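> following is a predicted model, sequence given first.
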Amino acid sequence: MTKTLRELFVNRVRQSDIFRKILDGQARRQIMVVTAGAGLGKSWLLRVFAYEAASRALPVVQIDFADGQAYDALSLARRCRDALGPEHFAALMRAIDEATTARVAVSAAGAPAAPVSVSIGNENSFTSSGISISDIGTTVIRDNSFVIQTDNPIVRQAIEDRITAAFFECLAALAGRTRVVLLFDSYERASLEAERWAPSAADRWVVGELLARIRDGKLPNVAVVLAGRRVPDFGIEWNEVLGRVSLELLECAYIKEYLRERRGLANITDAQAEVLCQAVAGNPQVMGLIGDNLEQANRPAMADDEW
């Protein structure tokens, strides 16, 4: 029988207890930063956190920056909206609807400009507006993928600011009724450079908009976890709301528990277990691979079909 994630999960009791305290409102901090090297179980831990939040019927967002998506402020707002429930984001939807109308002013030589509005996706919709065609440039906005392409940075920033403000207005209202959880994995991908931290658009939104509002007391019922091999530096001004948690290598006792009790390999002798502990060297990813291989080796061999 295939095991569930929680059935296979071992050891990370300290981190799970801290997360439960955050959900229960018993922790002094709302932001958990988990840093650890490759293969130490950051993604597993965040999946367990997501399960814990879902088991309490709490709205939860889980975003992995290693999923190949190019995240910016607008795509993050959309992903969060979809995960938390569009029904809670009416103001955001209105802001998007208004932003997805490209407004231009048309004028003939020597004649005053006639303001019109061209609604993208409905070529027959026209309303009045005061933005000239030189202002709008080549703006393209689609809510299905939430893409903005414009040659005018002022236009783009105005749209981002408006939609971001609407999103956090809705998030604050939702958090006024229930605890809201946001989990961000592979956060090292939010840097534009590998050698030093260079904030991407996604990092500027997460830290500059989301976490800053938590720090400033505007989102008291929102819990956030950042997990990555590295994260940006947070100064002392964050210490009241942000705490750091590490993931240590697994002790041999937990490796034995995992192999014997979680993977059903009770026939492993003490001597064999000691050798496996040395091979695993405390790395959960290596432990999982060894568990997979040993469990597969102990299953009855299946014959190939005749061809």
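Done, it's in. Numbers count the residues shown, from 1 in each chain.
> need the helices for the stretch 1-150 of the chain, in chain order.
Read by DSSP state H, counting those that start in this stretch, the stretch 1-150 of the chain holds these helices, from start to end of the chain: 5-8, 13-23, 42-55, 73-84, 90-99, 133-136.
> would you mind listing the buried residues in the fifth one?
Residues of helix 90-99 classed as buried by neighbour count (16 or more other CB atoms under 10 Å): 91-92, 95-96, 99. Bear in mind the C-beta positions are built from the backbone N, C-alpha and C, glycine included.
> for the strand or helix carrying L171, which positions count as buried?
According to DSSP states H and E, L171 maps onto helix 153-175. For helix 153-175, the neighbour count (16+ other CB under 10 Å) marks 155-156, 159-160, 163-164, 166-168, 170-172, 174-175 as buried.
> any chance of the helices of the stretch 1-150 of the chain in TSV with mean pLDDT and distance to L182 as columns?
Output for the helices of the stretch 1-150 of the chain, formatted as TSV (pLDDT from 0 to 100; distance: least, CB to CB, whole Å):
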stretch	mean pLDDT	distance to L182
helix 5-8	49	20
helix 13-23	92	12
helix 42-55	93	10
helix 73-84	93	7
helix 90-99	84	16
helix 133-136	42	33
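> of those helices, give the one that comes closest to Q285.
helix 42-55 (9.1 Å; CB to CB).
> that closest one vs helix 13-23, what angle?
40 degrees (axes from the mean of the first three to the mean of the last three CA atoms, to 10 degrees).
> output the contacting helices and strands for helix 42-55.
Identification of packing neighbours for helix 42-55 by 3 or more CB pairs under 8 Å, 6 or more residues apart in numbering; DSSP states H and E yields helix 5-8, helix 13-23, strand 31-35, strand 60-64, strand 180-185, strand 222-228.
> can you pull the buried residues of the longest one?
Put plainly, it is helix 13-23. Here helix 13-23 shows 15, 18-19, 22-23 as buried, counting by 16+ other CB under 10 Å.
> re the thing from before, which other helices and strands contact the helix holding L171?
The helices and strands touching helix 153-175, judged by 3+ CB pairs under 8 Å, 6+ apart, are helix 73-84, helix 90-99, strand 147-149.
> need these in JSON lines (columns: distance to F234).
Converted to JSON lines, the helices and strands packed on helix 153-175 look like this (distance: least, CB to CB, whole Å):
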{"stretch": "helix 73-84", "distance to F234": "19"}
{"stretch": "helix 90-99", "distance to F234": "28"}
{"stretch": "strand 147-149", "distance to F234": "29"}
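> so for F184, which of those sits nearest?
Set against F184 and scored by CB to CB, these come closest in helix 73-84, at 9.4 Å.
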